[in-house]
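1. This is the structure alone, sequence omitted:
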């Protein structure tokens with residue numbers, strides 16, 4: 001773990017990733033799981049819309065985009081967490097802190113922006129903070145107490161920051177802001193998986209790979225999607241967004 005970080009240039013690693021799929025089987029599996037889960041969840045959301053909400057003319061305008069961003073948040077957060085947890089190896093304190101911080105802040109931030117935009121600052125901040133802390137602590141515990149603390153602090157910070165962004169930009173082109181915002185956050189999560197490969201899988205000679213199966217991955221994503229979709233549609237809303 002004391003070797004230099006990222007021994008292979010990024011461009012070379014990406015080229016190798018595209019041409020040597022067998023070497024990067026776990027990473028391709030992560031992308032397949034995430035892509036398939038996203039498509040299934042999107043199809044289910046559309047089916048529920050036509051059954052329950054199609055008679056609401058304002059539904060797509062007020063909640064449609066946010067449900068899409070919710071799906072992206074859940075699937076890519078779950079994908080990054082799945083990829084890391086597939087490596088059964090002891091990591092250094094520094095790497096544990098980095099993993100906990102990244103997953104904690106990104107998960108809390110992305111979710112809280114979505115919930116903050118549809119339900120207001122209270123629900124967005126509360127749910128984003130709890131979700132970010134939960135993910136950050138779970139991911140960061142591999143680095144001991146420092147990783148746990150880093151993940152918890154990151155979850156609090158990201159979870160409370162998102163609704164502020166949502167409220168401040170509500171009347172200032174927030175729907176134009178969200179696509180680059182989500183792309184950058186997703187790239188950060190993919191970058192975390194890149195770091196996990198470089199620093200844990202590639203250099204950790206004793207790294208045992210035991211990934212969870214697709215249905216386990218999908219089940220967690222499905223439960224989170226149903227829970228947060230119900231909150232977006234039927235949950236408490238402040239006067240700013242009601």
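-> Cool, the structure landed. The structure presented is a predicted model; accordingly, all values stated were derived computationally and were not measured.
2. use CA for all of it now, contacts and neighbours both
-> OK.
3. which one in this structure is furthest away from the centre?
-> Going by Cα atoms, centre = their mean, the residue of the chain most distant from its centre is residue 55, 31.3 Å out.
4. how close does that residue get to residue 49?
-> The span separating residue 55 from residue 49 equals 9 Å under the rule Cα to Cα, to the nearest Å.
5. what does residue 165 give?
-> Look at residue 165 and residue 49: by Cα to Cα, they are 27 Å apart.
6. swap in residue 98?
-> For residue 98, the distance to residue 49 (Cα to Cα) stands at 39 Å.
7. And for residue 195?
-> Distance of residue 195 to residue 49, given as Cα to Cα: 38 Å.
8. Likewise for residue 102?
-> Shown here: residue 102 relative to residue 49, a distance of 33 Å by Cα to Cα.
9. Those two: which has the busier surroundings?
-> Under the criterion of other Cα atoms under 10 Å, the comparison of residue 102 against residue 49 puts residue 102 first, with 27 against 16.
10. Quick check: chain neighbours aside, which residue is closest to the residue nearest the centre of the chain?
-> Central residue check for the chain by Cα atoms, centre = their mean: the C-alpha nearest the mean position is that of residue 77, 2.2 Å away. In this structure, residue 77 finds its nearest non-sequential neighbour in residue 107, 6.2 Å apart by Cα to Cα, 6 or more residues apart in numbering.
11. Give me the contact list for the worst-scoring helix or strand of the chain on mean pLDDT.
-> Scoring the helices and strands of the chain by mean pLDDT, DSSP states H and E places strand 208-209 at the bottom, with a mean of 76. Here strand 208-209 makes contact (Cα atoms under 8 Å, 6 or more residues apart in numbering) with 86, 87, 88, 89.
12. any idea where the helices of the protein begin and end?
-> Taking DSSP state H as the criterion, the chain carries its helices at 10-19, 25-48, 59, 65-85, 93-119, 121-140, 144-168, 174-196, 214-234.
13. Now mean pLDDT too, for the ones you listed, in CSV please.
-> Converted to CSV, those look like this (pLDDT from 0 to 100):
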stretch, mean pLDDT
helix 10-19, 78
helix 25-48, 94
helix 59, 87
helix 65-85, 95
helix 93-119, 94
helix 121-140, 95
helix 144-168, 93
helix 174-196, 93
helix 214-234, 95
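14. So which of these is the most surrounded?
-> Ranked by mean neighbour count under mean count of other Cα atoms under 10 Å, the helices of the chain are led by helix 93-119, which reaches a mean of 28.
15. Show me what it is packed up against.
-> helix 65-85, helix 121-140, helix 144-168, helix 174-196, helix 214-234 (3 or more Cα pairs under 8 Å, 6 or more residues apart in numbering; DSSP states H and E).
16. Tell me which strands the least confident helix or strand of the chain pairs with, and in which orientation.
-> When sheet partners are counted by DSSP bridges, strand 208-209 sits next to strand 87-88 (antiparallel).
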